[in-house]
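*Asks:* just to be clear, the model below is a prediction. Sequence and coordinates:
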Amino acid sequence: MDILIKPVITEKAENLSEKSNQYTFIVEKTANKIEIKKVVEKLYNVNVVAVNTNRMPGKIKMKGTKSGYQVGRKPSYKKAVITVESGEVLDIYKNV
């Protein structure tokens, strides 16, 4: 069950879940679509129609201080958009 790290709760993700029955999760980088589908079906008791994955690159962040600029990097992650059958609802807040 360590494949799903956390759900993405943003305005865009909420609009997808309301209109298209699509839910977004941050998943482990090594997970594939079949593993993600099995875990979501087991955890939430829904039928998954499709799984789309994206690898999101890490971003460079710069902060100006008195001694100069400090450069850091945000980590990269993998995002999965899961489509469930129409009429089914995924309760992402039950495991939070």
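*Replies:* Okay, I see it.
*Asks:* quick check: next helix or strand after the longest helix anywhere in the chain?
*Replies:* Ranked by number of residues, the top helix in the chain under DSSP state H is helix 33-44. Sequence-wise, the next helix or strand downstream of helix 33-44 (DSSP states H and E) is strand 48-56.
*Asks:* which other residues reach that following strand?
*Replies:* Strand 48-56 is touched from outside by 27, 29, 33, 36-37, 40-41, 76-85, with contacts defined as CB atoms under 8 Å, 6 or more residues apart in numbering. (Each C-beta comes from the backbone N, C-alpha and C, glycine too.)
*Asks:* filter those residues down to the buried ones, ChimeraX style.
*Replies:* In ChimeraX, this line selects whichever of the contacts of strand 48-56 come out buried by 16 or more other CB atoms under 10 Å:
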select :27,36,37,40,77,78,79,80,81,82,84
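*Asks:* quick one: which of the contacts of strand 48-56 sit in strands?
*Replies:* Counting by DSSP state E, the contacts of strand 48-56 place 27, 77-84 in strands.
*Asks:* include pLDDT and distance to Gly64 when you put the residues you listed into a markdown table, please.
*Replies:* Listed next are the ones in strands among the contacts of strand 48-56 as a markdown table, based on pLDDT from 0 to 100; distance: CB to CB, whole Å:
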| residue | pLDDT | distance to Gly64 |
| --- | --- | --- |
| Val27 | 97 | 34 |
| Tyr77 | 96 | 26 |
| Lys78 | 97 | 31 |
| Lys79 | 97 | 30 |
| Ala80 | 97 | 36 |
| Val81 | 97 | 36 |
| Ile82 | 96 | 40 |
| Thr83 | 96 | 43 |
| Val84 | 95 | 45 |
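*Asks:* make CSV out of those residues and add distance to Gly68.
*Replies:* Output for the ones in strands among the contacts of strand 48-56, formatted as CSV (distance: CB to CB, whole Å):
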residue, distance to Gly68
Val27, 37
Tyr77, 29
Lys78, 34
Lys79, 34
Ala80, 39
Val81, 40
Ile82, 44
Thr83, 47
Val84, 50
